[in-house]
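K.L.:
I would like the atomic coordinates for the input below:
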Amino acid sequence: MSRELYSRSHLDTTPPKYNGPLHPLDKAVFQKSIPVLAARVPASQIALILHSEVTRKYLIGLPKVRPIVSDPSAPEGDRLVLLGVSDQAQLSQESLELLESKGNGFTEYNLVLDYDYWTASELLQAILPEELREGAPVGFAATGHIAHVNLNNDYLSYKKTIGQLFLDKNKTIRTVVNKLDNIDTQFRFFQMEVIAGEPDFIVEHHESDCRFTFDFSRVYWNSRLHTEHDRIVQSVHPGEVLVDVFAGVGPFAIPAGKKGCAVMANDLNPASHMYLCQNIKDNEVSEGVRAFCEDGRDFIRNVFARVYDTPFPAYTGPKLSKTALRKLQKQPTCDKPSSNSTPSEANLPRNKIDHFVMNLPDTAIMFLDAFRGVLSTKALQEVYSTMPTIHCHCFTRELEPEQAEIDIKQRVEEKLGGSIDAEIRKVRSVAPGKEMYCISFRLPFEVACNAQD
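P.N.:
As a prediction, this is how the structure comes out:
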């Protein structure tokens, strides 16, 4: 039996039931004294007791509780080894004999637990009425110093209590917000209310070795999509050109730029565009990431010609760190790599697009008709011997994977105006009866060359 399992089965560490005011909480109510058995052991024998297989499983083993404490009755004398039982009869004969031979008897120790000991989830279980405990919120999504929750109606009368618990129990959190049902219809960010902490929405968030600054109340950001951000970025290769149609503040564009990709990043929201520009500068990817603030459909129609007419410089390999660059500058001229090599396709300006990412799952499919006829000139058509891959995020109400894939592919082909071979993968479950997917496919050449109504 493990220490944790043994301690849990013999000690009741649940917080006391709470009937006080909800806001502010009377934290003094959350105090519990638990009598436990303690062995008096000389300091010279402590290591043996701690590491012995015979006694180790009986150590108290509770989070935030040290198994070795000083004896309140003799602080300079023996140490007390706290055990996860309340009576000697609960010890095995072997462990009892070892503790008696190496120690100086047993005593009762009152272990006092208070508000600081229990987790937010444990305290909430003590506060809520029984009928609300099973579905109680157990966590939050963190964006910088902000914790955001989505409370359903049953818990709104407890929102300030929930916010205070999350604030108290997470030292990096300074603001707790509850997302409201209202969504900005044009720019798709959530309305929110502060339920605990300071009303500071300007966050600095770190993801994929990048630093993002933005106003969480004015732009769209979802920390739960970190894995999907990373997956898409890993699927593109250094030197390729990526177009991010709904870029937000840059969770795809900035890491791709750091990787060595050239990026055309667009967002219609002026606030998102402002912070996208700031993040491009802060992460030192200005040479390879260009920012736009346009309607997504217009952006798609124009981006092929833009990249062709104003190509990105040739990819010359990973960007050197400042230290490596200084070392290179100190080398004698004859030792530096020659730049007079014969031009090849690998070091020509980048004038064609390799990938599109369309992360606006609610409506991204509706923008696919903008790809019809994008290769409107002979010059553009000659560049695209290989067509770009489109990664389009979307929602579906179909819960069975096979039916979901049929539904998504059918909607994409209908809007695109052509048939596709696609890879479809589930990203996450958004809500009961609502799934988020990503469909990846090559833009058909026929669609790109044929402007349909």
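K.L.:
Leu180 - how many residues pack around it?
P.N.:
By the criterion of other C-beta atoms under 10 Å, Leu180 has 12 neighbours. Where you see a C-beta, it was placed from the backbone N, CA and C, and this is true even at glycine.
K.L.:
Tell me who's in contact with it.
P.N.:
Going by C-beta atoms under 8 Å, 6 or more residues apart in numbering, Leu180 touches Phe190, Gln191, Met192, Glu193.
K.L.:
ok, now with 10 Å
P.N.:
Neighbouring residues of Leu180 by C-beta atoms under 10 Å, 6 or more residues apart in numbering: Asn150, Leu151, Phe190, Gln191, Met192, Glu193.
K.L.:
Distance check, it against Asp12.
P.N.:
Distance from Leu180 to Asp12, counting by C-beta to C-beta, to the nearest Å: 39 Å.
K.L.:
Throw together a ChimeraX command that grabs the buried residues out of the contacts of Leu180.
P.N.:
Remark: buried members of the contacts of Leu180, expressed as a ChimeraX selection using 16 or more other C-beta atoms under 10 Å:
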select :151,190,192
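K.L.:
in the stretch 251-400 of the chain, which ranges drop under the pLDDT threshold?
P.N.:
320-346 (pLDDT under 70).
K.L.:
show me where it has helices.
P.N.:
Here the stretch 251-400 of the chain has its helices, by DSSP state H, counting those that start in this stretch, at 253-259, 270-282, 296-309, 322-330, 378-383.
K.L.:
Which one, of the ones you listed, ends up nearest to Ile365?
P.N.:
The closest of the helices of the stretch 251-400 of the chain to Ile365 is helix 296-309. By C-beta to C-beta, the value is 11.8 Å.
K.L.:
by contact count, what packs against that closest one?
P.N.:
strand 241-244, strand 262-266, strand 289-292, strand 355-358, helix 378-383 (3 or more C-beta pairs under 10 Å, 6 or more residues apart in numbering; DSSP states H and E).
K.L.:
got TSV for the ones you listed, with distance to Ser44 and mean neighbour count too?
P.N.:
As requested, the helices and strands packed on helix 296-309 are exported to TSV (distance: least, C-beta to C-beta, whole Å; neighbours: other C-beta atoms under 10 Å):
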stretch	distance to Ser44	mean neighbour count
strand 241-244	65	27
strand 262-266	64	27
strand 289-292	64	22
strand 355-358	64	24
helix 378-383	80	13
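K.L.:
And these: which comes nearest Thr389?
P.N.:
Comparing the helices and strands packed on helix 296-309 under C-beta to C-beta, the one sitting nearest is strand 355-358, at 5.2 Å.
K.L.:
Just the CA atoms of that closest one, as CSV, please.
P.N.:
Extracted C-alpha coordinates of strand 355-358, given in CSV (Å, rounded to 0.1, in the frame of the first residue of the first chain):
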residue,chain,number,x,y,z
HIS,A,355,0.6,27.0,-46.6
PHE,A,356,-2.6,28.7,-45.4
VAL,A,357,-3.9,28.5,-41.9
MET,A,358,-7.5,29.6,-41.3
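K.L.:
Going forward, the N-terminal residue is numbered 304.
P.N.:
Renumbered: residue one is now 304, and that last one reads strand 658-661.
K.L.:
in its sheet, what does that strand sit against?
P.N.:
strand 544-547 (parallel), strand 692-699 (parallel) (DSSP bridges).
K.L.:
Make TSV out of these and add distance to Pro378.
P.N.:
Below are those laid out as TSV (distance: least, C-beta to C-beta, whole Å):
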stretch	distance to Pro378
strand 544-547	63
strand 692-699	62
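K.L.:
what number of residues lie near the residue nearest to Lys622 when sequence neighbours are not counted?
P.N.:
Once flanking residues are discounted, Lys622 sits nearest to Gly563: 7.1 Å by C-beta to C-beta, 6 or more residues apart in numbering. If you count neighbours by other C-beta under 10 Å, Gly563 ends up with 18.
K.L.:
Contacts for stretch 744-756, please.
P.N.:
Under C-beta under 10 Å, 6+ apart, the answer for stretch 744-756 is 604, 607, 656, 659, 671-672, 674-681, 683-684, 687-695, 712, 715-716, 719-727.
K.L.:
Let me see the mean pLDDT of it.
P.N.:
Averaged across stretch 744-756, pLDDT comes to 87.
K.L.:
How about stretch 363-382?
P.N.:
Per-region confidence: stretch 363-382 scores 90 on mean pLDDT.
K.L.:
re the thing from before, from what I see, the residue nearest to Lys622 and Ala617 are in contact.
P.N.:
No - if you go by C-beta atoms under 10 Å, Gly563 and Ala617 don't touch, sitting 11.5 Å apart.
K.L.:
Need the overlap of contacts for these two.
P.N.:
Between them, Gly563 and Ala617 share the contacting residues Gly542, judged by C-beta under 10 Å, 6+ apart.
K.L.:
and Lys474, which of the helices of the stretch 554-703 of the chain is closest to it?
P.N.:
The nearest among the helices of the stretch 554-703 of the chain, by C-beta to C-beta, is helix 573-585 at 25.2 Å.
K.L.:
which helices and strands sit right next to the closest one?
P.N.:
So helix 573-585, by 3+ C-beta pairs under 10 Å, 6+ apart, packs with strand 505-510, strand 513-518, helix 556-562, strand 565-569, strand 592-595.
K.L.:
Mind giving me the packing neighbours of the third one?
P.N.:
Okay, so that is helix 556-562. Helix 556-562 packs on strand 513-518, helix 529-538, strand 544-547, strand 565-569, helix 573-585, strand 592-595, strand 658-661, going by 3+ C-beta pairs under 10 Å, 6+ apart.
K.L.:
Tell me which residues of the second one come out buried.
P.N.:
Neighbour counts over helix 529-538 (16+ other C-beta under 10 Å) mark Glu531, His532, Ile535, Val536 as buried.
K.L.:
Next: the first one.
P.N.:
Residues Cys513, Phe515, Phe517, Asp518 are the ones in strand 513-518 that count as buried (16+ other C-beta under 10 Å).
K.L.:
The helices of the stretch 554-703 of the chain: which one's closest to Ile465?
P.N.:
When the helices of the stretch 554-703 of the chain are compared by C-beta to C-beta, helix 573-585 sits nearest Ile465, at 28.1 Å.
K.L.:
Next, the angle strand 505-510 makes with the closest one.
P.N.:
Per axes from the mean of the first three to the mean of the last three C-alpha atoms, to 10 degrees, the angle that helix 573-585 makes with strand 505-510 is 60 degrees.
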